[in-house]
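# The following block contains a protein sequence and its predicted model.
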Number of protein chains: 2
Amino acid sequence: MGPKERREREREDTRAAIIDAARELFVTQGYEAVTMRGIAKKIEYTPTAIYFHFKDKESVIRAVCDSDFSALAQKFAKIARIDDPIERLRKAGHAYITFGLENPFHYRLMFMTPHPPMNTDESELRHGNPEDDAYAFLVSIIAEAIAKGRLRKDLKDPHLVSQIVWSGVHGVISLEIAKCHDDWIDWRPMKKRAAGMVELIIDGLRTERD
Amino acid sequence: MGPKERREREREDTRAAIIDAARELFVTQGYEAVTMRGIAKKIEYTPTAIYFHFKDKESVIRAVCDSDFSALAQKFAKIARIDDPIERLRKAGHAYITFGLENPFHYRLMFMTPHPPMNTDESELRHGNPEDDAYAFLVSIIAEAIAKGRLRKDLKDPHLVSQIVWSGVHGVISLEIAKCHDDWIDWRPMKKRAAGMVELIIDGLRTERD
DNA sequence: GTGTTAGCTTAACACCGTTAAGCAAGGAGA
DNA sequence: TCTCCTTGCTTAACGGTGTTAAGCTAACAC
């Protein structure tokens, strides 16, 4: 049975071509600049053809993000091997910030833009699994740090602590993405702000002080 | 000389009508929902008429934001009277968070959306003046706290510290605005996250510890 | 009374996402 | 081999957007 597989392979190819074309527009110019007509021109199809492969524009772009966010998961996978939970937290914070700054349009779409609640099954990434899910990874670090008595004793809820930690690094990234062109603010170097935030958080959380 | 003033007053009136109509759409449904045709319908003019009063859609909405952001300046004006800089910082943080959560669309437009660098004179608010400029207000608090030896001694740059502090509270607000509908995250109450962040920051910055 | 200008309208342009309808090619079943 | 039907695409169009060019009208200045 040859032809059936060939057809499926071809379909998968043009689907990939759509994603690639969309990615190229997306990473250089952002969500608004990705137009169905623009994608179509790049791959030399008509705009309508895209709707055979994707429900709408949003699912095209989510396909781009889903595939690119695996890069973040890979970074986290390496960090997961670090023994000391505090050091793991520090490295994870920096990796998260680096990822956000290297993929500003992805980051903006995923974490700075309100979306209608999406069906869990629409995304291929599995939630709750620290390997795929960056938030779950963070919670696991915090939970371990709490269990090992490395955090202040009034900090008992891993989710609350995680959400505060996340807010901190998210604040640095998102402010940079949204306001870096604003010369009204006398911005200090990104690296200093990032490192300052990470140290401020870790220092504020933990038991010992040096 | 009557007619001239009357004409100017009338022009100012329809300008205000445009802003009011735009605000009504903006605060309930956000930037995208504000359409020139929608504004026009509300004030019973044609869409084109708006272009006599405003350059484009963006300047209509910026006029809305400019006028509404004076509310934040007023909150800060009260806080400015607090003696203790640390306590002033705490109150300012909470006021900022409250403002952001009460005006999510304003907040999103001003701090979560990248803009092309705008000409300073396009906005009526004066920069650098702590009375109008929330950032300058924050810097003034931090500078005073440093001068009075209330912060850790390695924290010497008011701008760097301010930017980190701002990032922290901004992170809480912006994550709430962008991701509060995401039930994939087991969100803790907003108040706990906000208070936790403010205390974490203040605790991380200052000299003494209780 | 004439000319000018302010303030608005009508009509259109160039985009956008999306959809209905049709067409051509190729596999499936007789 | 002939027919049918599905797959994958195209053509054409709809309703929406921001924006602009051109024209009209009433009120003012002289």
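Arrived safely.
# From the chain's centre, how far out is stretch A:53-68? Work that out for me.
Mean-position distance between stretch A:53-68 and its chain equals 15 Å (C-alpha atoms, centre = their mean, to the nearest Å).
# Can you mark which positions in that stretch are buried?
Of the residues in stretch A:53-68, those with enough neighbours to count as buried (16 or more other C-beta atoms under 10 Å in any protein chain shown) are A:53-54, A:57, A:60-66, A:68. Quick note: C-beta positions are derived from backbone N, CA and C, even for glycine.
# swap in stretch A:90-103?
A:90-97, A:99-101, A:103.
# Same check on stretch A:151-170?
A:151, A:155, A:158-170.
# residues in contact with that stretch?
A:89, A:93, A:96-97, A:100, A:111, A:135, A:138-139, A:142-143, A:145-146, A:194, A:197-198, A:200-201, A:205-207, B:167-168, B:171-172, B:174-175, B:185-188, B:192-193, B:196-197, B:200 (C-beta atoms under 8 Å, 6 or more residues apart in numbering or on different chains).
# mind running it again at 7 Å?
The contact list for stretch A:151-170 (C-beta atoms under 7 Å, 6 or more residues apart in numbering or on different chains) reads A:93, A:96-97, A:111, A:138-139, A:142-143, A:145-146, A:197, A:201, A:205-207, B:168, B:171-172, B:174-175, B:186-188, B:192-193, B:196-197, B:200.
# Look up how far A:Glu8 lies from the nearest residue to A:Tyr45 once chain neighbours are set aside.
Nearest non-adjacent residue to A:Tyr45, counting by C-beta to C-beta, 6 or more residues apart in numbering or on different chains: A:Thr14, 7.4 Å away. Distance, A:Thr14 to A:Glu8, by C-beta to C-beta, to the nearest Å: 11 Å.
# So those two - more neighbours on which side?
A:Thr14 (15 against 10; other C-beta atoms under 10 Å in any protein chain shown).
# residues of the helix or strand containing the more buried one that come out buried?
Assigned by DSSP states H and E, A:Thr14 belongs to helix A:3-29. For helix A:3-29, the neighbour count (16+ other C-beta under 10 Å) marks A:15, A:17-19, A:21-23, A:25-27 as buried.
# Could you show which parts of chain A are in contact with DNA strand C?
By C-beta under 7 Å from any atom of the strand, the residues of chain A that approach DNA strand C are A:3-4, A:7, A:34-38, A:47-48, A:51, A:56-58.
# Recalculate using a threshold of 6 Å.
A:3, A:35-38, A:47-48, A:51, A:56-57 (C-beta under 6 Å from any atom of the strand).
# Am I right that A:Leu154 sits in a strand?
You called it Leu, but residue A:154 is Asp. No: A:Asp154: not assigned to a strand; according to DSSP: H, G, I helix; E, B strand; the rest coil it is coil.
# tell me the pLDDT at it?
We have a pLDDT of 94 for A:Asp154.
# if we can go back for a sec, other SSEs contacting the helix holding A:Thr14?
For helix A:3-29, the elements it packs on are helix A:36-43, helix A:47-53, helix A:57-68, judged by 3 or more C-beta pairs under 7 Å, 6 or more residues apart in numbering or on different chains; DSSP states H and E.
# quick one: which of those is nearest B:Pro116?
Among the helices and strands packed on helix A:3-29, the nearest to B:Pro116 by C-beta to C-beta is helix A:36-43 (20.5 Å).
# and the angle from that closest one to helix A:57-68?
Angle, helix A:36-43 to helix A:57-68, by axes from the mean of the first three to the mean of the last three C-alpha atoms, to 10 degrees: 50 degrees.
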